[in-house]
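**Q** Coordinates only, no sequence provided:
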Ligand code: NAP
């Protein structure tokens, strides 16, 4: 069992070794997920003296491929300008004082003035630990919600038992589903500019970003720091991105928006990876070919619910269904859902954190009601 002793600020609470089955037979609450929703739920349930156990996930090739690395989508984001409480400014000294050195080393240097996604989520993690959230660096691979207490299986093959569960597993980046896209994954095809954008193959090169939402603009903007030119390829003639982001893309000297186009084929060879992309027109025009050495997908996300194995009701779009208005309840009493795994509409870091708090309060009230 991995405890997280090494990661705690020296001046803060020491994390106790984790005993998976507590004396009374079950944890009060297990939180699954380590994005803003998970950590907010950790902060609130810890402050309610529920001694939460939070599964933050594992770093593995398999999880990387599936877009399931710990710390959620914020860990794959550049600057965060719209999270209340974090205006642009010099946050470096504060970060150094709040985070353990070992966690600081994992953060990419941030030259911007805004807090970065990875920095924000690291602060949330530390805050949850400071209040006593116990962190397990494993995935939950199986759940059984048909028994009480609920039974969860970790990627460490251990069984964990809980009286209540908060699911905050977020959502992962979508791909188009082209064969050529699969073939060149990690050799020019990516869904994470922050992870891969600085690689030599993208420097001073021409790159394509597919999508028209905030993520696509953000990726294009980030890649333009390294690339010679970035093509933003959108299937319509109006960006879905927020106005401020859309304007940024339109005005950027290195970004060219190609309207009404979708990828048909990604070109390349085994040795060098991606060398181009064929774009078909959504308006019946001739296909065009661009010489690019990278293609970044930013076409939305799919909620991470596979491990639930059909044990919770989902919406028609595959998100966890909330069963009580303005509450985080799911179809199983005692199981709550927070963040993007149950949100196909707002999908913001701040709304994820907000629903994490709400799920924690709902779990606290549920536990009081059964005891
Ligand atoms: P999104 O808003 O759902 O946008 C997905 C984009 O991909 C859309 O433009 C969509 O086209 C396009 N798309 C979807 N499937 C496609 C396909 N098969 N082929 C071609 N294009 C396809 O997703 P997102 O950009 O990841 O943003 C998700 C949420 O996070 C949003 O609420 C966004 O505001 C938020 N976010 C915020 C920030 C920020 O504030 N800094 C940064 C990133 C994300 P259509 O427009 O035609 O549907």
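**A** Alright, I've got the coordinates. Because the structure is predicted, anything quoted here is derived from the model rather than measured.

**Q** and the stretch 151-300 of the chain, which residues reach the ligand?
**A** Residues of the stretch 151-300 of the chain lying near the ligand by CB under 6 Å from any ligand atom: 176, 210-216, 218, 235-236, 240, 262, 298-300. (Glycine included, C-beta is placed from N, CA and C.)

**Q** Of these, which pair is most distant in space?
**A** Spatial extent of those (CB to CB) is set by the pair 218 and 262 at 20.0 Å.

**Q** Looking at the two, which has the bigger crowd around it?
**A** Between residue 218 and residue 262, residue 218 has the larger neighbour count (other CB atoms under 10 Å), namely 24 against 15.

**Q** residue contacts, the single nearest residue of the chain relative to the ligand?
**A** Residue nearest to the ligand within the chain: residue 213 (2.4 Å; CB to the nearest ligand atom). By CB atoms under 8 Å, 6 or more residues apart in numbering, residue 213 lies in contact with 239, 240, 241, 298, 299, 300.

**Q** Also residue 307?
**A** With CB under 8 Å, 6+ apart as the criterion, the residues that contact residue 307 are 139, 140, 141, 142, 143, 169.

**Q** how near is it to residue 345?
**A** Remark: distance between residue 307 and residue 345 (CB to CB, to the nearest Å) = 23 Å.

**Q** about what we covered before: what distance do you get for the residue of the chain closest to the ligand to residue 293?
**A** 23 Å.

**Q** Next, count neighbours for residue 120.
**A** Residue 120, neighbours per other CB under 10 Å, totals 26.

**Q** So it sits against residue 83, correct?
**A** Yes. With contacts counted by CB atoms under 8 Å, residue 120 reaches residue 83, the gap being 6.1 Å.

**Q** Now the common contact residues for these two.
**A** When contacts are counted by CB under 8 Å, 6+ apart, residue 120 and residue 83 are jointly contacted by residue 349.

**Q** Pull the distance from the strand or helix carrying residue 352 to the chain's centre.
**A** Under the criterion of DSSP states H and E, residue 352 resides in helix 349-370. Counting by CA atoms, centre = their mean, to the nearest Å, helix 349-370 is centred 19 Å from the centre of its parent chain.

**Q** Show me which residues of it are buried.
**A** Going by neighbour count (16 or more other CB atoms under 10 Å), the buried part of helix 349-370 is 349, 351-364, 366-367.

**Q** just stretch 260-273 next, same as before
**A** Quick answer for stretch 260-273 (16+ other CB under 10 Å): 260, 261, 263, 264, 265, 266, 267, 268, 273.

**Q** did I read that right, the fifth one in a strand?
**A** Yes. Counting by DSSP: H, G, I helix; E, B strand; the rest coil, residue 265 is located in a strand.

**Q** Secondary structure of residue 31: a helix, I assume?
**A** No. Assessed by three-state DSSP, residue 31 does not belong to a helix; its assignment is strand.

**Q** Need the per-residue pLDDT for residue 123.
**A** Residue 123 carries a pLDDT score of 97 in this model.

**Q** re earlier: which of the residues of the stretch 151-300 of the chain next to the ligand are buried? Put it as a ChimeraX command.
**A** Only the buried entries of those go into this ChimeraX selection, using 16+ other CB under 10 Å:
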select :176,210,211,212,213,214,215,216,218,235,240,298,299
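
**Q** in the stretch 101-250 of the chain, which spans are helices?
**A** Ranges of helices in the stretch 101-250 of the chain, per DSSP state H, counting those that start in this stretch, are 101-106, 117-130, 179-183, 193-196, 214-223, 243-251.

**Q** which of the residues in the first one are buried?
**A** It refers to helix 101-106. In helix 101-106, counting by 16+ other CB under 10 Å, buried: residue 103.

**Q** centre of the chain versus that helix, how much separation?
**A** When distances are taken as CA atoms, centre = their mean, helix 101-106 is centred 19 Å away from the chain's centroid.

**Q** Same question for the fourth one.
**A** Averaging C-alpha coordinates over helix 193-196 and over its chain gives two centres that are 13 Å apart (CA atoms, centre = their mean).

**Q** Which strands or helices does it pack on?
**A** Applying 3 or more CB pairs under 8 Å, 6 or more residues apart in numbering; DSSP states H and E, one finds that helix 193-196 contacts helix 214-223, strand 294-297.

**Q** so where do the strands sit in the stretch 201-350 of the chain?
**A** Assigned by DSSP state E, counting those that start in this stretch, the strands in the stretch 201-350 of the chain fall at 206-210, 229-233, 255-258, 261-269, 273-281, 288-290, 294-297, 301-303, 335-337.

**Q** elements contacting the second one?
**A** Helices and strands touching strand 229-233, by 3+ CB pairs under 8 Å, 6+ apart, are strand 206-210, helix 214-223, strand 255-258, strand 261-269.

**Q** cool, and the fifth one?
**A** Using 3+ CB pairs under 8 Å, 6+ apart as the contact criterion, the neighbours of strand 273-281 among helices and strands are strand 261-269, strand 288-290, strand 294-297.

**Q** ok, and for it, which residues are buried?
**A** Buried residues in strand 273-281, defined by neighbour count with 16+ other CB under 10 Å: 273, 274, 276, 277, 279, 280, 281.
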